[in-house]
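> sequence? don't have it. structure:
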């Protein structure tokens with residue numbers, strides 16, 4: 001006799017992925033807010049010193065790579081879950 005009350009593995013996996021997608025969507029929202037703040041600080045630093053801050057530039061690049069990883073995960077372009085479930089992306 002077959003028990004139909006059990007959820008198939010592929011359905012259970014999609015629900016787990018959905019939870020990760022919610023978490024990563026929240027992380028994307030936070031990242032975009034942080035990037036906006038970094039952009040304003042970078043603009044002010046450039047006005048004051050006539051040159052962008054090197055550390056903020058590197059941080060912005062790595063944050064951009066992280067946002068790209070999140071978007072790829074959310075759009076099903078990849079199955080790899082970004083940071084904090086993987087390493088932080090490096091500046092290329």
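Arrived safely. Note that this is a predicted model, so its numbers are computed, not measured.
> only C-alpha atoms for contact and neighbour calcs from this point on.
OK.
> For the longest helix seen in the chain, which helices and strands make contact with it?
If you go by DSSP state H, the chain has its longest helix at helix 9-49. Under the contact definition 3 or more Cα pairs under 8 Å, 6 or more residues apart in numbering; DSSP states H and E, helix 9-49 sits against helix 54-74.
> Got phi/psi on residue 83?
Dihedral angles of residue 83 (phi, psi; degrees, to the nearest 10) stand at phi -50, psi 140.
> what separates it from residue 24, distance-wise?
Using Cα to Cα, to the nearest Å, residue 83 is found at 9 Å from residue 24.
> For those two, indicate the residue with more neighbours.
Taking neighbours as other Cα atoms under 10 Å, residue 83 and residue 24 compare with residue 24 leading, 22 against 14.
> Once you drop chain neighbours, what's closest to that one?
Using Cα to Cα, 6 or more residues apart in numbering and skipping the chain neighbours, the partner closest in space to residue 24 is residue 70 (6.4 Å).
> What residues does the closest residue to residue 66 other than its chain neighbours make contact with?
With sequence-adjacent residues excluded and distances taken as Cα to Cα, 6+ apart, residue 66 is closest to residue 89, at 6.0 Å. Neighbouring residues of residue 89 by Cα atoms under 8 Å, 6 or more residues apart in numbering: 62-63, 65-66.
> residue ranges with poor pLDDT in the chain?
In the predicted model of the chain, residues 1-12, 92 satisfy pLDDT under 70.
> Could you pull up the contacting residues of the residue most central in space within the chain?
Centre of the chain computed as the mean C-alpha position; nearest residue by Cα atoms, centre = their mean is residue 70, 3.6 Å away. Counting by Cα under 8 Å, 6+ apart, residue 70 touches 24-25, 28, 81-82.
> can you do 7 Å?
Going by Cα atoms under 7 Å, 6 or more residues apart in numbering, residue 70 touches 24, 28, 82.
> what about it, distance to residue 14?
Per Cα to Cα, residue 70 is found 17 Å from residue 14.
> now swap in residue 38 and tell me
Distance check for residue 38 against residue 14: by Cα to Cα, it reads 35 Å.
> the more surrounded of the two?
Comparing residue 38 with residue 14 by other Cα under 10 Å, the one with more neighbours is residue 38, at 16 against 11.
> Many thanks, have a good one.
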